[in-house]
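Trainee: whatever this is, show me its structure:
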Amino acid sequence: MIGLIQRVSSAKVTVNQATIGQIDRGILLLLGIEKNDDTKTAEKLLHKILNYRIFSDLQGKMNLSLADTGEGLLVISQFTLAADTKKGLRPSFSSAAPPVQAKDLYTYFVATAQLQHPVVQQGCFGADMQVSLINDGPVSFILNS
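Mentor: Numbers count the residues shown, from 1 in each chain. Now for the predicted structure:
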């Protein structure tokens, strides 16, 4: 499981010009699910995301996590993160989870996040989504579980 996290001042996702998920300050997570991922993998990555220290403390150092701040988490499924780009000029998606498995794990990830964190919004799995954000910093990290 691959998570691209971005610290944001705000972020939203729209489908068919309707906003379906929106947060103010917090983390935008683009989530890629691979064939070998399971619920344990999802739990491990979620723990890392909620506790990864990317928010500034009173001294301006990145010492606070999403769990510390209670700010928003916007979760967007993005199968292209599982692409193999090492060879050629066209990505291979052979390591990406099949759609049914990926949707189940995405749903599990979001539901588990909602149980553990007060502000969780989501995109729509498999939809053509438009994501807009104001990247704060910019601060972006790729996390693997």
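Trainee: rest of the way, CA atoms for contacts and neighbours
Mentor: Will do.
Trainee: surely residue 81 is in a helix?
Mentor: Yes - inclusion of residue 81 in a helix is indicated when DSSP: H, G, I helix; E, B strand; the rest coil is applied.
Trainee: SS state for residue 126?
Mentor: coil.
Trainee: repeat that for the one 5 residues further on.
Mentor: Of the three states, residue 131 takes strand under three-state DSSP.
Trainee: excluding its backbone neighbours, what's nearest it?
Mentor: Closest residue in space to residue 131, ignoring its immediate chain neighbours: residue 13 at 4.4 Å, by C-alpha to C-alpha, 6 or more residues apart in numbering.
Trainee: the one you found against residue 21, yeah?
Mentor: Yes - if you go by C-alpha atoms under 8 Å, residue 13 and residue 21 touch, sitting 5.3 Å apart.
Trainee: between the two, which one's more packed in?
Mentor: Under the neighbour definition other C-alpha atoms under 10 Å, residue 13 and residue 21 were set side by side, and residue 13 has more, 23 against 20.
Trainee: which residues are in contact with the more buried one?
Mentor: Contacts were defined as C-alpha atoms under 8 Å, 6 or more residues apart in numbering; by that measure residue 13 touches 19, 20, 21, 22, 122, 123, 129, 130, 131, 132.
Trainee: shared neighbours, residue 13 and residue 21?
Mentor: Taking C-alpha under 8 Å, 6+ apart as the contact rule, the neighbours common to residue 13 and residue 21 are 122, 123.
Trainee: tell me, what residue is most central in this structure?
Mentor: The centre of the chain sits closest to residue 29, judged by C-alpha atoms, centre = their mean, with a distance of 2.0 Å.
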